[in-house]
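Asker: Take a look and give me a structure for this.
(one chain, ligands or ions: 1)
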Amino acid sequence: MTMLDTILATKRAEVADRSARASIAALDARATEQTAPRGFRAALDAKPGHALIAEIKKASPSKGLIRPDFDPPAHARAYQAGGAACLSVLTDVEYFQGADDYLVAARQACDLPVLRKDFNVDPWQVAEARSLGADAILIIVAALSNAQMAEIEAAAIERGMDVLVEVHDRAELDRALNLKSRLIGVNNRNLKDFTVSFERTYELVGHAPAGCTFVAESGLTSRADLDAMAQHGVRCFLIGEALMRHADVEAATRAMIA
Ligand SMILES: O=C(O)c1ccccc1NCC(=O)[C@H](O)[C@H](O)COP(=O)(O)O
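Answerer: Reported below is the predicted structural model:
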């Protein structure tokens, strides 16, 4: 069993438990108390130069604890001041030491659109994400059948949210392109063994259709990495660990994308 399989098994059990306690109708009613979705893809497209999705990430299965003095609202403000286009907030508790409250607090602390970074296995989670204020959700193609992806995407579109569709190889990209969303992320990290290779992005960027917003994810640590990606035509990036390890998150963000 790979780490992704393990995470997904935990998530299915968690969703079965949580969905028994709150119906989709109840979550949708709660969502009306949130401000309307902030355009996530639009914010990336509007940003000149390098466009950054800055991730609020306390820990990970591959690296353990990343940020001991974890402070989601302070990190959100620092990312915005440093020039990020969007936020990503990990909400998975078991493997990333995340929390729904972190997303709520981060979004309230800034004006940036926020991706709920979690492992979606059921449309119920989309209603839950919107009830927390999330502006976008993640579909990991490796985790879902085509029918499941379409169902989860439809739930997001219905609620005015964007969908970041994450792929790792050509076959997954082909499956992703059956969806409506044209916000495609290539995860440089193999979620089965945690190895990171920028070749994943370099290989796939040429196969993304015109008009697609294309995001390189994971393992990016420096401005030089982003410039190398830019040589291949990539201008949107999702970065977590490299920014979260800096004492001065705002300065690190600015240095990464200025
Ligand atoms: O980060 C991990 O170890 C991980 C393990 C298993 C599934 C997903 C994982 N990460 C989620 C992500 O996609 C990253 O947090 C994100 O792309 C940022 O990556 P990084 O800049 O390397 O922190």
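Asker: buried set for whichever helix in the chain runs longest?
Answerer: Scanning the chain for the helix with the most residues, using DSSP state H, yields helix 3-19. Within helix 3-19, the residues scored as buried using 16 or more other Cβ atoms under 10 Å are Leu4, Ile7, Leu8, Lys11, Glu14, Val15, Ser19. No exception for glycine: its C-beta is placed from N, CA and C like everyone else's.
Asker: my guess is Trp215 contacts Val186, does it?
Answerer: For the record, residue 215 is Val, not Trp. Yes. Between Val215 and Val186 there is a contact under Cβ atoms under 8 Å: 7.2 Å.
Asker: interface residues of the protein facing the ligand?
Answerer: With Cβ under 6 Å from any ligand atom as the criterion, the chain comes near the ligand at residues 3, 55, 57, 60-62, 187, 191, 194, 217-220, 238-242.
Asker: Show the low-confidence segments of the protein, by residue range.
Answerer: Along the chain, segments meeting pLDDT under 70 are nowhere present.
Asker: what ranges do the helices span in it?
Answerer: Counting by DSSP H, the helices of the chain are 3-19, 24-31, 40-46, 72-82, 100-108, 124-132, 146-158, 170-176, 199-205, 223-231, 241-244, 249-257.
Asker: coming back round to it: among the residues of the chain next to the ligand, name the buried ones.
Answerer: Buried among the residues of the chain next to the ligand (16+ other Cβ under 10 Å): 55, 57, 60, 62, 187, 191, 217-220, 238-242.
Asker: Can you pull up the most central residue in the protein?
Answerer: Lys117 (4.3 Å; Cα atoms, centre = their mean).
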